[in-house]
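J.: 3D model of this:
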Amino acid sequence: MLDDRPTRKPSQGATLDQLTEFIHAGLFRAFSRLYRRFQTVHLGNAAYLEAQIMPKVRNALILRKESCKALQTYEKENPEFTTKTFEALQSPESFETHMKAVEDQLDRICTERRSSTD
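T.: Reported below is the predicted structural model:
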């Protein structure tokens with residue numbers, strides 16, 4: 001049986017590692033630029049790249065805000081999160097604005113949770 005899933009090419013590993021470093025460091029413009037460049041260079045493997053983006057974004061938000069529950073709440077309140085993230089990725093400035101807005105909302109959710117448990 002053939003496996004139709006896209007696979008990671010050895011040359012892509014360093015780029016994916018760099019994307020992870022950028023998103024974890026909050027370097028959202030650099031993340032967007034590298035994503036767009038990667039998308040252009042590895043056009044034939046775009047599905048693999050796209051499958052990697054949201055897990056990287058979600059993981060970074062959880063680690064940066066130290067709250068998985070806040071992200072779950074945010075995603076319930078904002079079902080268009082994935083679509084808006086991919087739209088924002090097309091412009092480094094838009095992606096930075098989008099990610100900072102998401103982080104602000106996660107901060108709000110965390111603050112509300114702390115207030116309700118006091």
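J.: hey, let's count contacts and neighbours off CA atoms from now on
T.: Noted.
J.: Who are the packing partners of the biggest helix by length in the chain?
T.: If you go by DSSP state H, the chain has its longest helix at helix 92-117. The criterion is 3 or more Cα pairs under 8 Å, 6 or more residues apart in numbering; DSSP states H and E, and the helices and strands that helix 92-117 contacts are helix 28-41, helix 46-65, helix 68-77, helix 81-88.
J.: That helix vs helix 68-77, what angle?
T.: Per axes from the mean of the first three to the mean of the last three Cα atoms, to 10 degrees, the angle that helix 92-117 makes with helix 68-77 is 110 degrees.
J.: quick one: helix 92-117 to chain centroid distance?
T.: 14 Å (Cα atoms, centre = their mean, to the nearest Å).
J.: Could you list the buried residues of that helix?
T.: By 16 or more other Cα atoms under 10 Å, the buried positions in helix 92-117 come out as 92, 94-96, 98-99, 102-103, 105-107, 109-110.
J.: before we move on, what about stretch 34-44?
T.: Under 16+ other Cα under 10 Å, the buried positions of stretch 34-44 are Leu34, Tyr35, Arg36, Phe38, Gln39, His42.
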